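Novice: Here is a sequence with its predicted model. Questions after.
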Amino acid sequence: MGLRLFSRDSYDCNCNCNDTPNTNPDPSNWKIVEWNQFDEYLVVKIHYPDCTNYEGVKILVYENMTLPMLKKQKKIDPHFSENKEFKSPIARFEPTEDGWFKACFLCENLCRTPL
């Protein structure tokens, strides 16, 4: 017997769930807004026009990736995945000026780390 915090009878979201905004970006519909290369690390700011959270902007970090390589894969999914169709980011940051700074700081320091 488990603890149930909300039963179907006692919780009503009072919304039409089919009208909720799209928070998942279409990995084939994107535009690269900004990018920076740090040796084998690539930081990209991508806008997904069909995504509503954070106005569709994502900051992603890739390892062993260049901008031409990323564009060539056609689909850029911001989620962590083991999909063989496209490379997954190794990190995501909040899509703000501070998030961009932190992503670049991470990559700059990863390049300086001795093996």
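Specialist: Yep, that arrived.
Novice: Just give the nearest non-adjacent residue to the residue nearest to the spatial centre of the chain, would you?
Specialist: By CA atoms, centre = their mean, the mean C-alpha position of the chain lies nearest to residue 78, the distance being 3.1 Å. What sits nearest to residue 78 in space, not counting adjacent residues and going by CB to CB, 6 or more residues apart in numbering, is residue 58, at 4.3 Å. Every residue, glycine included, has its C-beta placed from N, CA and C.
Novice: pretty sure the one you found contacts residue 43?
Specialist: No - in this structure, residue 58 is not within contact of residue 43 by CB atoms under 8 Å, at 11.2 Å.
Novice: State the pLDDT value of residue 20.
Specialist: The confidence metric pLDDT takes the value 51 at residue 20.
Novice: thinking again about what came up before, did I read that right, the residue nearest to residue 78 in a strand?
Specialist: Yes - counting by DSSP: H, G, I helix; E, B strand; the rest coil, residue 58 falls inside a strand.
Novice: residues near it, how many?
Specialist: Residues lying near residue 58 (other CB atoms under 10 Å) number 25.
Novice: just the helices in the protein please.
Specialist: Here the chain has its helices, by DSSP state H, at 67-72, 97-112.
Novice: So which of those helices is nearest residue 85?
Specialist: helix 67-72 (12.4 Å; CB to CB).
Novice: pLDDT of stretch 66-77, averaged?
Specialist: The model assigns stretch 66-77 a mean pLDDT of 94.
Novice: Would you mind listing the buried residues in that stretch?
Specialist: Of the residues in stretch 66-77, 70, 76, 77 count as buried by neighbour count, 16 or more other CB atoms under 10 Å.
Novice: swap in stretch 40-52?
Specialist: Under 16+ other CB under 10 Å, the buried positions of stretch 40-52 are 41, 42, 43, 44, 45, 46, 47, 48, 51.
Novice: and if you look at stretch 88-105?
Specialist: Across stretch 88-105, burial judged by 16+ other CB under 10 Å covers 89, 90, 91, 93, 95, 99, 100, 102, 103, 104.
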